[in-house]
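Asker: got a predicted model here, sequence first, then my questions.
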Amino acid sequence: MPLLRQTSLLLAAAALATILAACASTDSRIRDNQSTFDQLPPPVQQQIRAGQVGLGFTPQMVQMALGGSRPQIHPHQRRG
């Protein structure tokens, strides 16, 4: 198999794995907040499933769509 074709297949597989991982985590966040998600209008549910946020989204809706923030430690906060 030519090197270019192998590289293309490898990149396609990596992209697919990334997409599937993102979908799985969005689905798990929705399941964790199922009662809230079920009360949202269908267009908003579609946005959340697609990992998109819109004006007026609550923090919980943003968390379902994008996930939570990771704590960041700034250099001046480190203790050593």
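Answerer: That came in fine, so what should we check first? What you see is a predicted model; the values in this text were computed from it and never measured.
Asker: what strand or helix carries residue 44?
Answerer: helix 42-49 (DSSP states H and E).
Asker: the inter-axis angle of the next helix or strand after that helix versus helix 42-49?
Answerer: As assigned by DSSP H and E, the chain's next helix or strand after helix 42-49 is helix 59-66. Interaxial angle of helix 59-66 relative to helix 42-49 (axes from the mean of the first three to the mean of the last three Cα atoms, to 10 degrees): 60 degrees.
Asker: what helices and strands are in contact with helix 59-66?
Answerer: Packing contacts for helix 59-66, counted by 3 or more Cβ pairs under 8 Å, 6 or more residues apart in numbering; DSSP states H and E, involve helix 3-32, helix 34-38, helix 42-49. Bear in mind the C-beta positions are built from the backbone N, C-alpha and C, glycine included.
Asker: any idea which of those helices gets closest to residue 62?
Answerer: helix 42-49 (9.0 Å; Cβ to Cβ).
Asker: contacts for that closest one?
Answerer: 26, 30, 37, 40, 53, 54, 57, 61, 64, 65 (Cβ atoms under 8 Å, 6 or more residues apart in numbering).
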